[in-house]
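# coordinates for the following, if possible.
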Amino acid sequence: MSEAFLSPFACAGLTCAAFALGLGLYRKTRCVFLHPVLVSVTLLIVFLTLANIPYETYNRGGGYISVFLSPAVVALGVSLYKEAARIRREALPLFLTTLVGSLTGLISVVVPAVLLGAPKELTISLAPKSVTTAIAVEISSRLGGVPSLSAAIVILTGVFGTALGPLVLRL
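Below you'll find the predicted structure:
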């Protein structure tokens, strides 16, 4: 494999290209199982495996993409700020549903992991599955989990939530 191709910029570009392909496929089919994130991750895994590119080499370019995760999370705060008055009016129901949802998300993965005898590192990595990727990576790394596993779990949780959420809500 060419050294130029293994540069962090090339790996970041590869990620963007895989996502663009996944997005195009999803837009054409609207199949929930062809979610752009799921397709792009699959394409990247297959490509890296076939090209014999170590994940560590590929992930050097991930830092360039990760830089955009934190500002994206902060940008969500702008929408919250615009709705501050409404949020204050609905503070109690928002607090209670957030508390119940957070506890349910945490308990639904930690309790089974503990009961099944999962290693502590795995349990810690699974715990932040219902937050943003940037926050999950930080939580996982600070508590002794595997940040890349936490990121993958958050992404899969989001994909399955996106795929099955509308169906559950219709039912």
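
# quick one: the strands in this structure?
Per DSSP state E, the chain has no strands. Nothing in it meets that criterion.

# pull the residues that contact the worst-scoring helix or strand of it on mean pLDDT.
Ranked by mean pLDDT, DSSP states H and E, the weakest helix or strand in the chain is helix 62-66, scoring a mean of 75. With contact meaning C-beta atoms under 8 Å, 6 or more residues apart in numbering, helix 62-66 is reached by Pro8, Phe9, Cys11, Ala12, Thr15, Cys16, Ala134. For glycine as for every other residue, the C-beta is placed from the backbone atoms N, C-alpha and C.

# check contacts around Ala85.
Not one residue lies near Ala85 by C-beta under 8 Å, 6+ apart.

# need the pLDDT of it.
Note for Ala85: predicted pLDDT of 94.

# same thing with Ala127?
What the model reports for Ala127 is a pLDDT of 94.

# isn't it up against Val109?
Yes - assessed by C-beta atoms under 8 Å, Ala127 is found in contact with Val109 at 6.4 Å.

# what average pLDDT does stretch 136-148 get?
Across stretch 136-148, the average pLDDT comes to 94.

# near Gly62, how many other residues are there?
Residues within reach of Gly62, counting by other C-beta atoms under 10 Å, total 16.

# what subset of the contacts of helix 62-66 is buried?
Pro8, Cys11, Ala12, Thr15, Ala134 (16 or more other C-beta atoms under 10 Å).

# check the spatially closest residue to Ala127 that is not a sequence neighbour and give its pLDDT.
Distance criterion C-beta to C-beta, 6 or more residues apart in numbering; nearest residue to Ala127, sequence neighbours excluded, is Val110 at 5.5 Å. Looking at Val110, its pLDDT is 94.
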